[in-house]
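> Based on what follows, work out the 3D shape:
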Amino acid sequence: MTFTEADPAAPSLRDALRVADGRLFAPARSTRFDSRTFTGVEFYDPSTPTSEYVDRIVLGAGVAPTHIETLLTELADAGAAAVVLRTAEDSTPRESSSTDEQPTLAVLRTDSGDWAQLANVLGSLFGAHSIGQVSGVRMGDLFALANAIATLAGGAVSIVDSAGQVVGYSTHSEQPIDDARRRTTLLLQEDFAIVSDSRYRSLLRDSAARHFPSSTDLFGRVGIAVRASGELLGSIWVIQIDPSAAARTRSLLQQMEPIVAQHLLRAREDADDRDHRTSGLLRTLLEGRQHARGAASQLLIRPEDGCVVVCFRANTFDDVHATRGLHRLLHLAISVSSAAFPGSHSAIVGPEVVTLIAGPHDAAVETFTQAVIRTDGALIAGIGTRAHDIPGIARSYREAGATAGMLMSAFDHGEGHHPRIAKFDGMRDRLALMQVTDLIEGLDAVVGDSASILAQHDATRGTDLTRTVRVFLDHLGSVRETAHSLHVHQNTVRYRLEVVRNELGIDLDSPDARLWLWLRLSGTPRSAV
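Numbers count the residues shown, from 1 in each chain. Below you'll find the model as predicted:
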């Protein structure tokens, strides 16, 4: 038996192997069946005449190992294009039971546990759009996939993951977009909580694509939820410029959903692998470990060209949302930095997202940092100094982390107006003083000293002497400025200082005593004393 004449509009087995992305393969791979076309995908049913399988890919789900040889003979004689068997069913089946020297039946293998998903993926090739335009997109390239779908749909496309993160969008300049699309593209996330959005909830309840006419924006939307083996992976959204064409767009998305599921799964796997590798190398470099220079080489970083480390934190993360929030922040930092600085790297390190930027001037680093924190009022960022060697990168990381920690402390203690971005150079003195006070706290001399006496008196008598003394020292011993800062009369300040001198025996006229008190009290947040 010979092949039926190939239909140039029908998908080939080469297309099937490509779109299945590793879920389908041919043992002892050869190319003689690659150009073989097929006209459908069917599950094998013993009660169905084998003539029904001509030019079809037959899925041998549940076929007993003892029946495989017979099945191969029947399908080859019937003119089936291929049969798919589980890898565990028979390790060395022959490719055809035909006695012809040119076998006519391709035997393909799958290790997938979801036959229905495999059938959907292969069946998606029967949309004319899928062959070539979409199946040729590199698996996991969500931006290229969005562009391909946008070309076919005639409208801008966004691919959103299950957390509301925009992981791919089309870039066709001739396709109009509205303000909602523009905001989500800039933020790389939906600008509302998707789980509380009525359109999104209704989409999840439906296995088909849905059209949402617009009542506020310029255009409506057509969307579909994307799943694999029952797991929600995300959704596809198309801007529907012409409402009368919504039915066509819905049909297109329903055909594309299995392919998009494959792309989302691959993108997630690639991102996990990439993030794990980058995180390990970046940690090695930032912490100045033994193989830091090798890590820099693998990350394609040349320290001599100059590097700056930026540390991002968020002051709203609680234990429940911390992990999701950090990964969302990581994705944002990667997306923004990769567009402006291709050689940048980001990773989650402890409670913060760390970005290492190589090459650009400080002004460019500040612009990048502002672009990230502008997306969320809870974000803060510390910027280290420029480094030109491996030890310098580790130092820049420590500086950026300490600066971010200082800003976070200001948020936590509500110290009035505070910046959300700071450079280490601008906070060097304050950070150095904190290091000194941390050192002092570990000394035996702090036990029962003048600062402790003040704190004990305030605690037992309900007075405010500690704060008064601190402000007095900050204003270089000026009673008038101290009273103005505390919003009290000058005589009140004088009375409190007399109590400190006479009742507590603290000599405020001694330079040593004043310096010690200032060092002890300067490490305490102003709002706390």
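
> For stretch 79-89, which residues meet the burial criterion?
Residues of stretch 79-89 classed as buried under the neighbour-count rule (16 or more other C-beta atoms under 10 Å) are 79-86. (Glycine included, C-beta is placed from N, CA and C.)

> Next up, the contacts around I421.
366, 369-370, 373, 380-383 (C-beta atoms under 8 Å, 6 or more residues apart in numbering).

> tell me the pLDDT at it?
Looking at I421, its pLDDT stands at 90.

> So which other helices or strands are in contact with the host helix or strand of A76?
Assessed by DSSP states H and E, A76 sits inside helix 68-78. Other helices and strands packing on helix 68-78, by 3 or more C-beta pairs under 8 Å, 6 or more residues apart in numbering; DSSP states H and E, are strand 82-86.

> Partner strands of the strand it packs on and their direction?
Strand 82-86 pairs in its sheet with strand 56-59 (parallel), strand 106-110 (parallel), by DSSP bridges.

> Ok, which of these comes nearest L433?
Nearest to L433 among these is strand 106-110; the distance by C-beta to C-beta comes to 65.3 Å.

> The closest one: how far from the chain's middle?
Relative to the centre of its chain, strand 106-110 is centred 36 Å away, using C-alpha atoms, centre = their mean, to the nearest Å.

> tell me the angle of it relative to helix 68-78?
130 degrees (axes from the mean of the first three to the mean of the last three C-alpha atoms, to 10 degrees).

> Among the buried residues of stretch 79-89, which one sits closest to R277?
For these, the nearest to R277 is R86 (32.4 Å; C-beta to C-beta).

> do you know how far the residue nearest to V83 when sequence neighbours are not counted is from V260?
Among residues not flanking V83 along the chain, V58 sits closest, at 4.7 Å (C-beta to C-beta, 6 or more residues apart in numbering). Noted for V58: a distance of 26 Å to V260, by C-beta to C-beta, to the nearest Å.

> These two: who's more crowded?
V58 (29 against 25; other C-beta atoms under 10 Å).

> how near is S344 to L508?
52 Å.

> Isn't A378 up against R313?
No. At 9.1 Å, A378 does not count as touching R313 under the criterion of C-beta atoms under 8 Å.

> still on that earlier bit, pick out whichever of S344 and L508 has more residues nearby.
Between S344 and L508, counted using other C-beta under 10 Å, the more crowded position is S344 (25 against 16).

> For A228, give me phi and psi.
Backbone torsions of A228, given as degrees, to the nearest 10, read phi -140, psi 120.

> Distance of it relative to A314?
A228 is 31 Å from A314, by C-beta to C-beta.

> So for the two, which sits in the more crowded spot?
Comparing A228 with A314 by neighbour count (other C-beta under 10 Å), the higher total belongs to A314, at 22 against 18.

> ok, back up a step: quick check: beta-bridge partners of the residue nearest to V83?
E42, V83.

> Let me see the confidence value for it.
The model reports V58 with a pLDDT of 92.

> How about the contacts made by it?
Counting by C-beta under 8 Å, 6+ apart, V58 has contacts 42-44, 75, 80, 82-84.

> try L281
By C-beta under 8 Å, 6+ apart, the residues touching L281 are 295, 298-299, 345.

> repeat that for 10 Å
For L281, the contacting residues are 291-292, 294-299, 301, 345, 347, by C-beta atoms under 10 Å, 6 or more residues apart in numbering.

> Next: P49.
74, 78.

> separation between it and G40?
Noted for P49: a distance of 15 Å to G40, by C-beta to C-beta.

> how about the helices of the stretch 1-150 of the chain, start to end?
Along the stretch 1-150 of the chain, counting by DSSP state H, counting those that start in this stretch, helices occupy 13-20, 68-78, 115-123, 142-153.

> Need these in a markdown table (columns: distance to F472).
Below are the helices of the stretch 1-150 of the chain laid out as a markdown table (distance: least, C-beta to C-beta, whole Å):
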| stretch | distance to F472 |
| --- | --- |
| helix 13-20 | 76 |
| helix 68-78 | 92 |
| helix 115-123 | 73 |
| helix 142-153 | 61 |
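
> Assign A422 to one of the three secondary structure states.
At A422, secondary structure determined by DSSP: H, G, I helix; E, B strand; the rest coil is strand.

> can you tell me the average pLDDT over whichever helix or strand Y200 is part of?
In this structure, Y200 sits in helix 198-204 according to DSSP H and E. The average pLDDT for helix 198-204 rounds to 79.

> Report the buried residues of that helix.
200, 203.

> Also stretch 391-408?
Buried positions in stretch 391-408, judged by neighbour count with 16+ other C-beta under 10 Å: 392-408.

> ok, now stretch 424-434?
Those would be 424, 427, 431, 434, for stretch 424-434 by 16+ other C-beta under 10 Å.

> now swap in stretch 336-349 and tell me
Buried residues in stretch 336-349 (16+ other C-beta under 10 Å): 336-337, 341, 343-349.

> Low-confidence regions, the stretch 201-350 of the chain specifically.
Residue ranges of the stretch 201-350 of the chain with pLDDT under 70: 216-217, 316-324, 339.

> Sketch out the helices for it, chain order is fine.
Going by DSSP H, counting those that start in this stretch, the stretch 201-350 of the chain shows helices at 246-286, 292-298, 322-340.

> Over to the stretch 351-500 of the chain?
362-373, 390-412, 424-441, 450-461, 465-474, 479-486, 490-498.

> Which strand residues bridge E231?
According to DSSP bridges, beta-bridge pairing links E231 with A228.

> Tell me, how many residues neighbour it?
E231, neighbours per other C-beta under 10 Å, totals 10.

> That one touches D161, doesn't it?
No. The criterion here is C-beta atoms under 10 Å, and E231 misses it with D161 at 11.8 Å.

> what sits against the nearest residue to R302 once chain neighbours are set aside?
Spatially, and ignoring its direct neighbours in sequence, R302 is nearest to A358 (6.9 Å; C-beta to C-beta, 6+ apart). Taking C-beta under 10 Å, 6+ apart as the criterion, A358 is in contact with 296, 299-303, 305-308, 341-345, 387, 393.

> at 6 Å what do you get?
Going by C-beta atoms under 6 Å, 6 or more residues apart in numbering, A358 touches 301, 307, 343.

> Same question for G223.
203, 235, 237.

> Next, find the distance separating the closest residue to L407 other than its chain neighbours from V353.
Spatial nearest neighbour of L407, chain neighbours left out: I380 (4.4 Å); criterion: C-beta to C-beta, 6+ apart. Going from I380 to V353 by C-beta to C-beta gives 11 Å.

> ok, V479 to A119 distance?
For V479, the distance to A119 equals 86 Å [C-beta to C-beta].

> Have a look at those two and say which one is more surrounded.
Higher neighbour count among V479 and A119: A119, with 18 against 15, using other C-beta under 10 Å.

> which residues does the residue lying closest to the more buried one once chain neighbours are set aside contact?
Leaving aside its sequence neighbours, A119 sits nearest to V41 (C-beta to C-beta, 6+ apart; 5.4 Å). V41 sits next to 57, 119, 122-123 when contact means C-beta under 6 Å, 6+ apart.

> out of the residues you listed, which is most surrounded?
Sorting those by how many neighbours each has (other C-beta under 10 Å) puts I57 first, at 27 neighbours.

> check contacts around it.
By C-beta under 6 Å, 6+ apart, the contact set of I57 is 38, 41, 81-82.

> cool, and T278?
345, 347.

> about what we covered before: what pLDDT is listed against the residue nearest to L407?
So I380 comes in at 89 (pLDDT).

> Just want to check the distance between the residue lying closest to Q240 once chain neighbours are set aside and A148.
Computed as C-beta to C-beta, 6+ apart, the closest residue to Q240 that is not its neighbour in sequence is G220, at 4.5 Å. Computed as C-beta to C-beta, the G220 to A148 distance reads 22 Å.

> Those two: who's more crowded?
Neighbours per residue (other C-beta under 10 Å) separate G220 from A148, with A148 holding more: 23 against 20.
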